[in-house]
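Undergrad: Following is a predicted model, sequence given first.
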Amino acid sequence: MQRYVLRYRGKGKYPAAVLEALRASGASIIEDTERMLLVEAPEHGLDRVLGQEWLVTPEVSYALPDPRRSIK
């Protein structure tokens with residue numbers, strides 16, 4: 001399963017029923033804020049649960065460069 005960032009574009013906080021629907025579809029909620037969720041879920045399950053007011057983006061992580069200087 002992959003992680004996705006879900007951003008609610010509607011007014012106010014997202015509906016509480018969305019959390020229950022995500023869990024029922026097999027998604028795990030990693031983190032949530034007032035307007036965003038980080039979930040681990042199969043991609044096909046998210047399309048059926050979420051409506052038009054949600055923006056779904058795969059989570060992206062970046063490797064940080066080593067800040068220590070090295071002698072060549």
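TA: Right, received. Where do you want to start? None of the values given here were measured: they were computed from a predicted structure. Residues are numbered from 1 along each chain as shown.

Undergrad: Where do the strands of the protein begin and end?
TA: Using DSSP state E, the strands assigned to the chain run over residues 2-8, 28-32, 36-41, 54-58.

Undergrad: so the first one versus strand 28-32, what angle?
TA: Think strand 2-8. Strand 2-8 and strand 28-32 are oriented at 50 degrees to each other (axes from the mean of the first three to the mean of the last three CA atoms, to 10 degrees).

Undergrad: Show me the beta-bridge partners of the closest residue to Leu19 other than its chain neighbours.
TA: Spatial nearest neighbour of Leu19, excluding adjacent residues (CB to CB, 6 or more residues apart in numbering): Ile29 at 6.5 Å. (C-beta placed from N, C-alpha, C; glycine too.) Using DSSP bridges, the bridge partners assigned to Ile29 are Val39.

Undergrad: Give me the neighbour count for Pro65.
TA: Using other CB atoms under 10 Å, Pro65 has 6 neighbouring residues.

Undergrad: so what's it scoring on pLDDT?
TA: With respect to pLDDT, Pro65 scores 86.

Undergrad: residue ranges with poor pLDDT in the chain?
TA: Scanning the chain for pLDDT under 70 picks out nothing.

Undergrad: Minimum distance to Ala16: which of the strands of the chain has it?
TA: Taking CB to CB, strand 28-32 is the member of these nearest to Ala16, at 10.8 Å.

Undergrad: Check which helices and strands the closest one is in contact with.
TA: Here strand 28-32 touches helix 17-24, strand 36-41, going by 3 or more CB pairs under 8 Å, 6 or more residues apart in numbering; DSSP states H and E.

Undergrad: Tell me what angle the last one forms with strand 28-32.
TA: Yep, that's strand 36-41 we're talking about. When the same axes, to 10 degrees is applied, the directions of strand 36-41 and strand 28-32 differ by 160 degrees.
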